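[1] just need the structure, nothing else, for what follows:
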Amino acid sequence: MAIPASVLQDWEALTEEDRRKAHSYIKALLQHRSEEQSSHSRPDYPLGIWNGESFYMADDFNDTPEGFEDYT
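    Purely as a prediction, here's the structure:
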């Protein structure tokens, strides 16, 4: 996407100090967007969290719990 001419004209009208401020603001916006995207894209528990650790599963894990026979 090309920068509109009006934005370039406004940029040229800024003082050097104001340009630095505008640049800092743009960088802050980009950082904020990056943090939002990364927080939404990572799972709550990373893959392999239990890798290499002992893991207990009851012997009757696949058995239907008492009282739930009608639901299976």
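
[2] where along the chain do the helices fall?
    5-13, 16-41 (DSSP state H).

[3] pLDDT weak spots in the protein?
    When the per-residue scores of the chain are filtered using pLDDT under 70, the ranges that remain are 39-50.

[4] turn the helices of the chain into JSON lines, columns for mean neighbour count and distance to residue 52.
    Where C-beta positions appear, they are placed from N, C-alpha and C, glycine not excepted. Listed next are these as JSON lines, based on neighbours: other Cβ atoms under 10 Å; distance: least, Cβ to Cβ, whole Å:
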{"stretch": "helix 5-13", "mean neighbour count": "10", "distance to residue 52": "53"}
{"stretch": "helix 16-41", "mean neighbour count": "10", "distance to residue 52": "25"}
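
[5] reformat the ones you listed into JSON lines and put distance to residue 68 next to each item.
    Compiled in JSON lines, the helices of the chain are given as follows (distance: least, Cβ to Cβ, whole Å):
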{"stretch": "helix 5-13", "distance to residue 68": "64"}
{"stretch": "helix 16-41", "distance to residue 68": "36"}
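
[6] of all the ones you listed, which one is nearest residue 64?
    helix 16-41 (37.5 Å; Cβ to Cβ).
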